[in-house]
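Undergrad: any chance you can model this:
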Amino acid sequence: MRKTRYALIGTGHRAIFFYGSLARDYRETTELVAFCDTNRIRMDYANRQLTDRFDHPAIPAYKAEQFEDMIRREKPDCIIVTTVDYTHHTYIIRAMELGCDVISEKPMTVDEEKCQAIIDAVKRTGRRLRVAFNYRYSPFNTKIREVLMDGTIGEVHSVHFEYLLNAVHGADYFRRWHRDKTNSGGLLVHKSTHHFDLVNFWLDTHPESVFAMGDLRFYGKENAQKRGITQFYDRAYGSEAAKGDPFALHLDQDPFYKELYLDAEPEDGYQRDQSVFGEGITIEDTMGVMVRYRNRAILTYALNAYLPWEGFTVSFNGSKGRLEVKAFERSYLRPDGSEDDTPPRKTITVFPLHAAPYEVPFEEGDGGHDGADPVLTRDLFGDPPPDRFRRAASHIDGAMSILTGIAGNHSIRTGQPVRIDSLVRF
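TA: As a prediction, this is how the structure comes out:
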């Protein structure tokens, strides 16, 4: 049997999930044939991971400007794109034009022009593009889909979804390239794409119009000064001021971060440990969104990136009752910079219109992202069984999730609601 050939571009943190899975779990049916990146030091790290951690031979490494040469020489069937968000469209489109299918890390891209270019390329080339929405695959989120699609609370009329990022995970978006909205589309695109996709998935519908507000209220130098902070630094490495800051990331104290980022700085100058209270942050940390869907359901959504615990609460109001969901995923940041280890807990509760409430049992999954990652990789790289929940995400699903956030960004700038069909043509 011929193995499916994969090449990966973008060998940062998230890439390990993909190349590790191929090297460890799918070696009998797949072949990882090449890495591509702007930074050769990071590709060397990825190859060391292959040889030392996964007992896999090192593979050819190409610089980003050699992307087309890589495809012509290595002849991959599929390209995995895990680069900086605003570059996704470049590699997705060119890979399809050169005859490859594509798997893209979320978000598919960051604005409507790039989204339209991807949609047009799929039509033009006939290639397949999938977006890696791991959240769909967690047993917990799949159970919510099952409860709703089985009509337990009838037709869903409204949803309230609040996502909390704690001061560990939330802060990390303000240390790295995500802090520049040009790179990431802001958290309404980069992070909320997960949540907007879940609502699309849960309700089996697509957004129609969006209104949003957002601001930078906690991170950034100006906000820190208002709270009385007087010591500032540009980056944590080599800074005395950073030693007492619980928000500082110390790259030299963690072998993973040191090898993947600190040691790679001489090649491209990328600093992974910027101060979250520095200047130049152009993304929001406090956001509220309203969405009207094609099935007439209404969503109210909130995202805050600096809170004492991480997770989400979702309430669905339907014609036959109410469904309440709570997922406590991570706890608070201690003053010394460590994270509290309170165990996660999750509940799904049905409140029928004319009966007593009850909790819905669900199975906890093994593996990363609450058991989602092994199910996702089987879907991407293996031979998955038939899926009544239709979790595999196409480029249309990828577009519909980011377009909610893109429309939200437009609304924040203009103060006006935005129709999705004014942004792209399918």
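
Undergrad: every contact and neighbour count from this point should use C-alpha atoms.
TA: Will do.

Undergrad: wait, is Glu208 part of a helix?
TA: No: secondary structure of Glu208 (DSSP: H, G, I helix; E, B strand; the rest coil): strand, not part of a helix.

Undergrad: thought it was touching Leu423?
TA: No: between Glu208 and Leu423 there is no contact under C-alpha atoms under 8 Å: 10.9 Å.

Undergrad: the more surrounded of those two?
TA: Remark: of Glu208 and Leu423, Glu208 carries more neighbours, 19 against 15, as counted by other C-alpha atoms under 10 Å.

Undergrad: skip the chain neighbours and tell me the closest residue to that one.
TA: Leaving aside its sequence neighbours, Glu208 sits nearest to Tyr293 (C-alpha to C-alpha, 6 or more residues apart in numbering; 4.9 Å).

Undergrad: right, and that neighbour touches Val210 too?
TA: No: assessed by C-alpha under 8 Å, Tyr293 is found out of contact with Val210, at 9.1 Å.

Undergrad: shared neighbours of the two, anything?
TA: Residues touching both Tyr293 and Val210 by C-alpha atoms under 8 Å, 6 or more residues apart in numbering: none at all.

Undergrad: same drill for the two, tell me which one is more crowded.
TA: Val210 (25 against 19).

Undergrad: number of residues surrounding the spatially closest residue to the more buried one that is not a sequence neighbour?
TA: Nearest residue to Val210 in three dimensions, chain neighbours excluded: Val291, at 4.6 Å (C-alpha to C-alpha, 6+ apart). If you count neighbours by other C-alpha under 10 Å, Val291 ends up with 27.

Undergrad: what's the spacing between the helix or strand where Val291 lies and its chain's center?
TA: Assigned by DSSP states H and E, Val291 belongs to strand 286-293. Chain-centre distance of strand 286-293: 18 Å, with C-alpha atoms, centre = their mean, to the nearest Å.

Undergrad: could you say what helices and strands that strand packs with?
TA: strand 207-215, strand 298-307 (3 or more C-alpha pairs under 8 Å, 6 or more residues apart in numbering; DSSP states H and E).

Undergrad: what strands flank the first one, and is each parallel or antiparallel?
TA: Its sheet considered, strand 207-215 pairs with strand 286-293 (antiparallel), strand 418-419 (antiparallel) by DSSP bridges.

Undergrad: average pLDDT for the last one, rounded please.
TA: I take that to be strand 418-419. For strand 418-419, mean pLDDT is 98.

Undergrad: can you tell me what sits against it?
TA: 208-211, 407-408, 410-411.
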